[in-house]
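Undergrad: Okay, predicted coordinates and the sequence, questions at the end:
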Amino acid sequence: MAAILTDMVKFDIENSVLCWLATVDEDGAPSVSPKEIFTHRDGDRLIVADIASPGSVRNILANPLVCISFVDIFRQRGFKVKGRASVHVAGSVGYVENLEHLRRLSGSDYQIRSVIEVVADKITRIWAPSYLVYPNFSEAERLERGYATYGVTPMGG
Ligand SMILES: Cc1cc2nc3c(=O)[nH]c(=O)nc-3n(C[C@H](O)[C@H](O)[C@H](O)COP(=O)(O)O)c2cc1C
């Protein structure tokens, strides 16, 4: 089966400052919250650090269906990934295997209480409307506009 988290998806993950993790509780009520510490792993997996996310963890334990979206705000594009989540509690094999990948992003000041792992099964592209309005812009032009929009000067730029 073809990979879901292709190099293109991984590139956007690495260039997204955070993701939004949507979960549902046992009654089907939705909840969404931002997570900055997240990355991709092999096997079409995404991992997210549970640092301060008791609600997401509670919901996943009740219903593993989740959706994660992320966008590269400067390139104005991203993805929406649906899948099944599980929670690796501190000390478990899954927690230990994934911890260093999250620690690389968080540093050591934050306590990662558990690791949320999502196995992706569906992916949809997210484009900003600017791709419709200005379809012929180059990536460099889009980046330039993105930096201007957010008042950012890229490092070394
Ligand atoms: C910019 C930003 C980044 C965040 N990153 C994380 C994160 O990586 N992991 C985490 O557990 N909480 C993170 N949080 C905090 C959670 O989003 C917040 O505690 C939220 O209320 C958790 O909701 P939940 O318990 O329903 O998951 C972040 C919050 C913000 C504003």
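TA: Nice, I can see it. Residues are numbered from 1 along each chain as shown.
Undergrad: Report the central residue of this structure.
TA: Closest to where the C-alpha atoms of the chain average out (CA atoms, centre = their mean) is C19, at 3.9 Å.
Undergrad: Relative to the ligand, how far out is that one?
TA: With distances taken as CB to the nearest ligand atom, to the nearest Å, C19 is found 8 Å from the ligand. C-beta coordinates here come from the backbone N, C-alpha and C atoms, glycine included.
Undergrad: quick one: that residue and F70 touch, right?
TA: Yes - counting by CB atoms under 8 Å, C19 touches F70, with 4.0 Å between them.
Undergrad: ok, is the helix or strand hosting K80 in contact with the ligand or not?
TA: Element membership of K80, judged by DSSP states H and E, is strand 77-89. No - judged by CB under 6 Å from any ligand atom, strand 77-89 and the ligand are separated, with a smallest distance of 11.6 Å.
Undergrad: Show me which residues of that strand are buried.
TA: R77, G78, F79, K80, V81, K82, G83, A85, V87, H88 (16 or more other CB atoms under 10 Å).
Undergrad: mind putting those residues in TSV, distance to V133 and pLDDT included?
TA: Rendered in TSV, the data for the buried residues of strand 77-89 read as follows (distance: CB to CB, whole Å; pLDDT from 0 to 100):
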residue	distance to V133	pLDDT
R77	14	98
G78	18	98
F79	21	98
K80	21	98
V81	26	98
K82	28	98
G83	31	98
A85	35	98
V87	41	98
H88	43	98
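Undergrad: Thanks again, I'm all set now.
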